[in-house]
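> Got a sequence here, can you model it:
(chains A and B)
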Amino acid sequence: MKTIEEIKAAIEAAVPDAAMEIVPNPGPSAQHSLRLAPHAAVAVAAFLRDDPELAFDFLSNVTGVDWPDKEIAEKVKVTRQVFKVVDGVEQAVEETVDETHKRTEPGCLEAVYHLFSVAKKHGPLVIRMRTANRTDHAELPSLTLIWRAAEFQEREIFDLYGIVFTGHPDLRRILMWDGFKDHPMRKDYVEPDDYEYEPTAHDHVLARAQEHKSREEGNGGARAQERAGQ
Amino acid sequence: MSAVETKSERAPGWNRPPVVEPDGEGELLEVAMGPHHPSTHGVFRMDVALDGERIIRLKPVFGYLHRNHEKIAEQASYLASMPYTDRLDYFCSLTNNWAYALAVEKLVGQEVPERAEYIRVILAELTRIQNHASTIGFLLQEMGASGTPLMYAFREREKILDLFEQLTGSRMMCNYMRFGGCRVDVSQGWLDGARKVVAGLPGFVDEFEALLTSNEILMARCQGIGILPPDLAVNAGVTGPMLRASGVNYDVRKVDHYGIYDRFKFGIPLGDHGDIYDRYMVRVLEMRESIGILEQALRAIPGGPIMDAKAKIRGFRPKPGEAYGRIEAPKGELGFYLISDGGPNPYRYRVRPPSLINLTVLEDMCLGQSVADVVLIFGSVDIVLGEVDR
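The predicted model follows:
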């Protein structure tokens, strides 16, 4: 198989506006990856599949990764003027203080694709894409039209991570039920206190009974007196 | 009966067979096959739209057994997830163990001693044989051959599970492999027992084939049904015996050269038509190839340690990085993707479940077929819901 640099060069020759960068993998597995810009991802994917030399016709694995917002605390030395009384006279004195600045590095959601070639029997090529943020712009282009193998796996990422794959033909929840609200694989997911609670058919019967009971108590037990009168 | 939408959202280029149109007589019938149906191998539902007996649309629905295995594994240490991998595909716990161990070994760059590699191959091939035998048994059960083929398969599976129990202490939840080797050594008595079981296996496969291969009912029900074309199979990520039954020569044992599979002589059985019968036949032939690997491995198994001396067991913290490791499990390509941030738990732990991804093409194979064939097509995919739902 070609090295990742050669693959990058081949893609750049075919898809000129593909802004890519190589993400090195420091571990012993040395499976380096290629981060694609979402706007050109579909064109790049089609090239990777159809190029006779690369021929990545088999998409093995698709998965999501959550990178939450990071709060970074930095200590900075700040010099400022302070008015102080020195020898009975108020003077402006320069003073150096340590201050901690907190800044949040915005997080993102990432989709990772592992490609192999059945025709050429090589791989893996790892490609990844990042969303703009984790909340309102968690969108990526779907690669299901290039590799059908992504159909269920992208649905799973949508379900568990909340990445919206634009262009996916059938984007629904797959493992959680349709009425479920959150995305459980996110790092900041909070488990519900009561797992067992599910609204049942009995709930509204119970609510009506309670409402009825409170009305009875409210009017001083009028019905009970009526009954006693009869 | 509600109106059924027959044309779903299908973009151009979307790799799907042509939509099956109803013949226009009568109404369409929507049926939920499952989740509690004997043929669904667990809790699995197929929302089917029928025109008479013909399938017009089929949507698989799963998640009934979902327990978010990946999240649990991200909150536990690396080793603590090893017993949990047994519960993915509970028919093949040993190959699940191996896939996970292989991914972690790739992540940390761990070597495995030779004897442990041999033990792994022996256990994986025994697992493959018992999985394929039971799959065929279940398929025949769904075809109406109540009992006999399944009991033949389970009689043999029982012998293999006894071997697993002797070695690991458990019949199905083996929890046997470790990062850099195996948990306990095999004794000479166990190897002798294994040789005895393996010596009996060719006779079992012969008997199985005499019962089934040229059976008229099996041929009538299976040939030409549920055809999966090879280009679609590759594009949809189908792996394992299903892919090879469509005639695609792709076996991770040969492609990735993981473990010590290079040392053994074995063939890759391929199908011609990609129908149910080919899937049945590929599984039978794979059992024969596995028996060959077992005979070679049991003959050549060397002495020595079963754990790498340099393997770190306490305070196991891989350096930051990521790895994707995969093996040829009996059901297809089982992969694990791990990201380490240097901590004691994996930052990301992902299972690539062959059972789930092989179901992508279920609708394609079923469209235009009859209800009774759906049961067989589904049975020939060979899934375990523990792995589909995770």
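> quick one, what contacts whatever residue of chain A ends up closest to chain B?
Proximity to chain B, evaluated over chain A using Cβ to the nearest Cβ, is greatest for A:G27 at 1.9 Å. All C-beta atoms are positioned from the backbone trio N, CA, C, and that covers glycine. In this structure, A:G27 makes contact with B:107-109, B:318-323, B:340, judged by Cβ atoms under 8 Å, 6 or more residues apart in numbering or on different chains.
> For PyMOL, what selects the buried ones among those residues?
The following PyMOL selection, which keeps only the buried ones among the contacts of A:G27, applies the criterion 16 or more other Cβ atoms under 10 Å in any protein chain shown:
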select buried, chain B and resi 107+108+318+321+322+323+340
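> Which single one of the contacts of A:G27 is nearest to B:R183?
Each of the contacts of A:G27 was checked against B:R183 using Cβ to Cβ; the closest is B:V108, at 18.0 Å.
> wouldn't that closest one be in contact with B:F179 here?
Yes: with contacts defined as Cβ atoms under 8 Å, B:V108 counts as touching B:F179 at a distance of 7.1 Å.
> And the strands in chain B, which stretches?
With DSSP state E as the criterion, chain B has strands at B:29-33, B:45-51, B:54-61, B:177-178, B:181-182, B:321-329, B:332-340, B:348-352.
> what does chain A give?
Taking DSSP E as the criterion, chain A carries its strands at A:20-23, A:33-36, A:58-67, A:70-86, A:89-105, A:108-117, A:122-130, A:139-141, A:164-166.
> residues near the closest residue to A:R130 other than its chain neighbours, how many?
Taking Cβ to Cβ, 6 or more residues apart in numbering or on different chains as the measure, A:R130 lies nearest to A:C108, with 4.6 Å between them; neighbours along the chain are not counted. The number of residues packed near A:C108 is 19, by other Cβ atoms under 10 Å in any protein chain shown.
> could you list every residue that touches A:C108?
When contacts are counted by Cβ under 8 Å, 6+ apart, A:C108 is found next to A:67, A:130-134.
> would you turn those into TSV with pLDDT and distance to A:R155?
Converted to TSV, those look like this (pLDDT from 0 to 100; distance: Cβ to Cβ, whole Å):
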residue	pLDDT	distance to A:R155
A:W67	89	21
A:R130	90	20
A:T131	89	17
A:A132	85	21
A:N133	84	22
A:R134	83	19
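> Separate out the buried members of those residues.
Among the contacts of A:C108, those scoring as buried are A:67, A:130-131, A:134 (criterion: 16+ other Cβ under 10 Å).
> Write out the residues of the stretch 51-200 of chain B neighbouring chain A.
B:62-63, B:66, B:68, B:70-71, B:106-109 (Cβ under 8 Å from any Cβ of the partner chain).
> Including distance to B:L356, could the strands of chain A go into TSV?
Formatted as TSV, those follow (distance: least, Cβ to Cβ, whole Å):
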stretch	distance to B:L356
strand A:20-23	27
strand A:33-36	23
strand A:58-67	11
strand A:70-86	32
strand A:89-105	34
strand A:108-117	15
strand A:122-130	19
strand A:139-141	21
strand A:164-166	17
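> right, so of the ones you listed, which gets closest to B:T213?
Of those, nearest to B:T213 by Cβ to Cβ is strand A:58-67, at 30.8 Å.
> what are the pairing partners of that closest one, and which direction each?
Strands that pair with strand A:58-67, judged by DSSP bridges, come out as strand A:108-117 (antiparallel).
> and B:T95, how many neighbours does it have?
26.
> And for A:R208?
Per other Cβ under 10 Å, the neighbour tally for A:R208 reads 10.
> What's the separation between it and A:S214?
Between A:R208 and A:S214 the distance is 11 Å, computed by Cβ to Cβ, to the nearest Å.
> How far off centre is the helix ranked longest in chain A?
Using DSSP state H to define each element, chain A has its longest helix at helix A:202-218. Using Cα atoms, centre = their mean, to the nearest Å, we find the averaged C-alpha position of helix A:202-218 to lie 43 Å away from the chain's own average C-alpha position.
> Just the CA trace of it, in CSV.
Written as CSV, here are the backbone C-alpha positions of helix A:202-218 (Å, rounded to 0.1, in the frame of the first residue of the first chain):
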residue,chain,number,x,y,z
HIS,A,202,-51.9,3.5,34.2
ASP,A,203,-50.3,6.9,34.7
HIS,A,204,-53.2,9.0,33.5
VAL,A,205,-55.7,6.8,35.5
LEU,A,206,-53.6,7.5,38.6
ALA,A,207,-53.5,11.2,37.9
ARG,A,208,-57.3,11.4,37.5
ALA,A,209,-57.8,9.5,40.7
GLN,A,210,-55.5,11.9,42.6
GLU,A,211,-57.3,14.9,41.0
HIS,A,212,-60.6,13.5,42.0
LYS,A,213,-59.4,12.9,45.6
SER,A,214,-58.1,16.4,46.0
ARG,A,215,-61.4,17.8,44.7
GLU,A,216,-63.3,15.7,47.2
GLU,A,217,-61.2,17.0,50.0
GLY,A,218,-61.5,20.6,48.7
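> What residues of it count as buried?
Counting neighbours, the buried set in helix A:202-218 is empty (16+ other Cβ under 10 Å).
> contacting residues around the residue nearest to B:V61 when sequence neighbours are not counted?
With Cβ to Cβ, 6+ apart as the measure, B:R45 is the residue that lies nearest to B:V61, at 4.2 Å, once sequence neighbours are left out. Under the criterion of Cβ under 8 Å, 6+ apart, the neighbours of B:R45 are B:32-35, B:60-62, B:64.
> Settle this for me: A:T166 is touching A:P141, isn't it.
Yes: at 5.7 Å, A:T166 counts as touching A:P141 under the criterion of Cβ under 8 Å.
> Between those two, which is the more surrounded one?
Relative neighbour count places A:P141 above the other of A:T166 and A:P141, with 21 against 11, counting by other Cβ under 10 Å.
> Just the terminal-to-terminal distance for stretch B:133-153.
The separation between the terminal residues of stretch B:133-153, taken as Cα to Cα, to the nearest Å, is 5 Å.
> Centre-most residue in chain A?
A:L109 (3.6 Å; Cα atoms, centre = their mean).
> How much space separates that one from A:D159?
From A:L109 to A:D159 the distance is 13 Å (Cβ to Cβ).
> again with B:Y78
Noted for B:Y78: a distance of 26 Å to A:D159, by Cβ to Cβ.
> just A:R134 next, same as before
Applying Cβ to Cβ, one obtains 16 Å for the distance of A:R134 from A:D159.
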